[in-house]
Every structure is written in C-alpha cells, then in structure tokens.
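> sequence unknown, structure follows:
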C-alpha cells in the first residue's frame, strides 16, 4: 500500500475505504496522518486521490462502501481533514447564457476537502433518489410519471446493487449492504449541522448552485426540483 500510495486508482481507494470500516475513523486518520511519503502526509495524499477517483468505480456497491466511509470520516470533525483543500473541476458559464456542457468550459478550482466530500455525498443521494423513483414507476402506464432525465441515467452506474447481487450473492452478507443511503446521507448532513453549523455554512458557500440544491434536497430528504 505504501509503495503505490503516490499512484492511486479506484482499487487502492477501495482498500482505503475498507480500512476505515475495519479500523474505525479515529485510528485510520491517526495512522495515515503520521505516515510520511516523500515528505508529504499520507492522509493528505490519500484523501485527494480518494475524492479524485471516486467516480471511477464501476461497481455500485463498491461506490456505496466508499461513500459511507467518506461520510464517517466527515462526521469526525477532525480538523486535519477539514483543513485540507483539493482541486475540483467547475463548469464556467458563458456570460449571458445558462450554463450547459455545450456553451461552457471547465476550470480547476480549489475547495475544502469537506466541500468536495459533501458534493460527492449529495450527488450520491441524488442518484439514489432517482433510482428509487425509477423503481416506483416500473410498470406504471403513465409515461409522464416515469420520466427520468437522460443526464441522470448517464451519470448512474450501468448495474445497480441488486443486479450485482445476482452476480455475487455474498454482497448481501456485508453489513454495509443494509445501509440505506437515502437515510444515512441526510443524517450525516444533519449531524454536521448540529455539531458544526459554521463549517456547513462555509461548505455550502463553496458549492456550485447545483451542489447547494442537492445538499438542501438531501438534508430535507426530497428529490431535487
């Protein structure tokens, strides 16, 4: 693990997520914070790689495992995590036009690690909500009630967790399988709001308008309007 820590991909990120679940958040943070790799904090390297590679997961269940671990780390309130910054891509709107992929460019900006994690979790909540709505509308004869935006489908994994369980029944034996992200993610945000409301305000300020909408939707347990 130490030898490849500067060359992360989604497989190493999955190892990190499992370490969080196995060791607990406090021990994970302590051990990674004290490890130095080429003069740099392994915790800093790992968290930047984790958030950068999060969307690379092909497995819905592996992504769920990684998301739960990120949420648990965020809930610690550890200042070593909240003090980190990461680079993220933002879509830049052309003046006078609504931002779309066709009329906008991307720019790398620096935000807090906590902001990045919240954006990931809010996005995961949105995808889970879309999937839940789709399941409810299966067999519905009214097309307008079963409509889902194509962009939502493109950002979702091709295989859902239920389909993965057919290929690998052992997934259901993992305790994390039972975690409902539609309950877990909102509770994570409410935990931060109760214990570190000023941090949550700073996080929201660094988010995009779309990110803030998803955050608010998750906190109030509703779909994004």
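That came in fine, so what should we check first? Keep in mind that what you see is a predicted model, and the values were worked out from it rather than measured.

> tally of neighbours for residue 51?
A count of neighbours around residue 51, defined by other Cβ atoms under 10 Å, yields 22. Yep, even glycine has a C-beta here, placed from its N, CA and C like the rest.

> packing partners for the lengthiest helix in the chain?
For the chain, the longest helix by residue count, based on DSSP state H, is helix 113-137. On a contact count with 3 or more Cβ pairs under 8 Å, 6 or more residues apart in numbering; DSSP states H and E, helix 113-137 meets helix 42-53, helix 60-75, helix 79-82, strand 85-92, helix 150-154, helix 181-195, helix 197-206, helix 209-219.

> each with direction, which strands does the fourth one pair with?
The partner list of strand 85-92 in its sheet, established with DSSP bridges, is strand 105-112 (antiparallel).

> what angle do the partner strand and helix 197-206 make?
Relative orientation of strand 105-112 versus helix 197-206 (axes from the mean of the first three to the mean of the last three Cα atoms, to 10 degrees): 170 degrees.

> show me what contacts the closest residue to residue 191 other than its chain neighbours?
Nearest non-adjacent residue to residue 191, counting by Cβ to Cβ, 6 or more residues apart in numbering: residue 75, 5.3 Å away. The neighbours of residue 75, taking Cβ atoms under 8 Å, 6 or more residues apart in numbering as the test, are 25, 188, 191-192.

> lowest-confidence helix or strand of this structure?
Least confident helix or strand, the chain: helix 150-154 with a mean of 44, by mean pLDDT, DSSP states H and E.
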